[in-house]
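Undergrad: Would you be able to build a 3D model of this:
(one chain, ligands or ions: 2)
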Amino acid sequence: MRAWVVERPGPMASGPLALVEREVPSPGPGEVLVRVEACGVCRTDLHLAEGDLPPRRPGTTPGHQVVGRIEGTGERVGVAWLRSTCGRCRYCLRGQENLCPASTYTGWDADGGFAEYVVAPADYVYPLPGDVPAERLAPLLCAGIIGFRALARCDLPPHGRLGIYGFGASAHLTAQAAIARGATLHVVTRTAAARRLALELGAASAGDRPPEPLDSAILFAPVGELVPPALEALDRGGTLAVAGIHLTDVPSLDYERHLFQERTLRSVTANTRADGRAYLELALAHPPRVAIAPYAFDEAARALTDLANDQVNGAAVLVMD
Ligand SMILES: [Zn+2]
Ligand SMILES: [Zn+2]
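TA: Ligands and ions are numbered 1, 2, ... in the order given. Okay, here's the model as predicted:
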């Protein structure tokens, strides 16, 4: 089979990915072999390619928003970021398996979906409908699920004022989930196309800064410099959740300006399977509008380069030919 691998982590311009021929993997006990139909491209894949996240094994295939069919049964499933947890530690036992110290991740600890086939533990794949185009489902699997957890983590009150910083794949899905709950949404992003998309999806504003104090905010851009202004833009008692797995350094905070009046700063760490099931149930019952930027399988490096250059509007998806 053909598979993309992270060969030499580094800036996209240095060509960190290689397209190679590999044996089709064999599923072990409790695993399924999935023939890939489409795989979403996430900023985390870019962090893995560029080395912001250090490799956990050499020559790993990225990609953790896989829609495909189980070989043999033909059942449609999704393979997402959370690949396994121990099931026994204090975090797993109290419903926070996303914090399991032994958790493993698709495309980081094991080969992911930038390939024609992927192997995954059966207990960690999500059943998906067979009659929806694969490229529409793929972005739900990380962009959607992680955004859904970030929305929970930012404690948005009913009909609250929500700020979203950065407007890529995850943000545009999260925005729709928030507006469906009655939120007033303010989007902060530099790119003109993203501002247009935000307004089309129902944002009250899209610009350089929110025009009113916010109850809650989610930082999707992996930019630590945005943390102080995002905290400052919160109303008293507001919460800022950082959605990404990687963030550049956060500048020093001024207690009075950025945190006092019980403002809260939180991280978001992956997701539990319960988050995944809850989000997919919602998204399949009330399908969000998914802005898709499709790429052919052999264009994976170009997709990641476009993502690095903020040239993807919506969600990039590799579609198998
Ligand atoms: Zn555990
Ligand atoms: Zn992701």
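Undergrad: Select the longest strand from this structure.
TA: Ranked by residue count, the top strand of the chain under DSSP state E comes out as strand 31-41.
Undergrad: In terms of secondary structure, what does that one contact?
TA: When contacts are defined as 3 or more CB pairs under 8 Å, 6 or more residues apart in numbering; DSSP states H and E, strand 31-41 packs onto strand 66-70, strand 76-79, strand 117-121, helix 134-137, helix 300-308, strand 315-319. Placement of C-beta: from N, CA and C, glycine included.
Undergrad: for the fourth one, packing partners?
TA: Meaning helix 134-137. Helix 134-137 makes packing contacts with strand 31-41, strand 66-70, strand 292-296, strand 315-319 when contacts are defined by 3+ CB pairs under 8 Å, 6+ apart.
Undergrad: after it comes which helix or strand?
TA: Beyond helix 134-137 on the C-terminal side, the first helix or strand identified by DSSP states H and E is helix 143-153.
Undergrad: Mind listing what's buried along that next one?
TA: Residues 143-151, 153 are the ones in helix 143-153 that count as buried (16 or more other CB atoms under 10 Å).
Undergrad: now stretch 167-187
TA: Across stretch 167-187, burial judged by 16+ other CB under 10 Å covers 167-179, 183-187.
Undergrad: same question, stretch 279-290
TA: By neighbour count, with 16+ other CB under 10 Å as the criterion, the buried positions of stretch 279-290 are 279-280, 282-283, 288, 290.
Undergrad: residues making contact with it?
TA: Counting contacts by CB atoms under 8 Å, 6 or more residues apart in numbering, the residues outside stretch 279-290 that touch it are 78, 126, 128-129, 132, 136, 139-140, 144-145, 148, 173, 176-177, 180, 201, 314-315.
Undergrad: Show me what from the stretch 101-250 of the chain comes close to ligand 2.
TA: Residues of the stretch 101-250 of the chain found near ligand 2, taking CB under 5 Å from the ion as the criterion, are residue 142.
Undergrad: all helices for the stretch 101-250 of the chain, in order.
TA: All helices of the stretch 101-250 of the chain, identified by DSSP state H, counting those that start in this stretch, fall at 134-137, 143-153, 169-180, 192-200, 227-232.
Undergrad: Quick one: closest of the ones you listed to residue 108.
TA: In terms of CB to CB, the element of these nearest to residue 108 is helix 143-153, at 14.5 Å.
Undergrad: and the closest one, what does it pack onto?
TA: Taking 3+ CB pairs under 8 Å, 6+ apart as the contact cut, helix 143-153 packs with helix 169-180, strand 214-219, strand 234-242, helix 273-285.
Undergrad: average pLDDT across that helix?
TA: The average pLDDT for helix 143-153 rounds to 97.
Undergrad: likewise stretch 256-273?
TA: Confidence for stretch 256-273, expressed as mean pLDDT, is 97.
Undergrad: Would you mark the buried spots in stretch 206-218?
TA: Of the residues in stretch 206-218, those buried (16+ other CB under 10 Å) are 206, 210, 214-218.
Undergrad: Same question for stretch 24-41.
TA: Under the neighbour-count criterion of 16+ other CB under 10 Å, stretch 24-41 has 25, 27, 31-41 buried.
Undergrad: Got the phi and psi for the closest residue in space to residue 136 that isn't next to it in sequence?
TA: Spatial nearest neighbour of residue 136, excluding adjacent residues (CB to CB, 6 or more residues apart in numbering): residue 290 at 5.4 Å. Taking degrees, to the nearest 10, you get phi -110, psi 110 for the backbone angles of residue 290.
Undergrad: Can you give me the pLDDT of residue 290?
TA: At residue 290, the pLDDT recorded in the model is 94.
Undergrad: ok, residue 59 - contacts?
TA: 5-7, 20.
Undergrad: For PyMOL, write the select line for the buried members of these.
TA: Of those, the buried ones go into a single PyMOL selection, burial set by 16+ other CB under 10 Å:
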select buried, resi 5+6+7
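Undergrad: Compile the buried residues of stretch 279-290 into TSV and extend it with columns for distance to ligand 1.
TA: Supplementary listing: those in TSV, determined by distance: CB to the ion, whole Å:
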residue	distance to ligand 1
279	21
280	22
282	26
283	27
288	31
290	32
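Undergrad: how far away is residue 141 from residue 38?
TA: Separation of residue 141 from residue 38 (CB to CB, to the nearest Å) stands at 10 Å.
Undergrad: Same check on residue 126?
TA: Noted for residue 126: a distance of 14 Å to residue 38, by CB to CB.
Undergrad: go on, residue 82?
TA: When CB to CB is the yardstick, residue 82 and residue 38 sit 19 Å from each other.
Undergrad: got it, and residue 14?
TA: Between residue 14 and residue 38 the distance is 27 Å, computed by CB to CB.
Undergrad: quick one: common contacting residues for residue 141 and residue 38?
TA: Counting by CB under 8 Å, 6+ apart, the residues touching both residue 141 and residue 38 are 66-67.
Undergrad: residues in contact with whatever residue of the stretch 201-321 of the chain ends up closest to ligand 2?
TA: Among all residues of the stretch 201-321 of the chain, residue 245 sits closest to ligand 2, at 7.7 Å; criterion: CB to the ion. Shown in contact with residue 245 (CB under 8 Å, 6+ apart): 44, 47, 53, 269-270.
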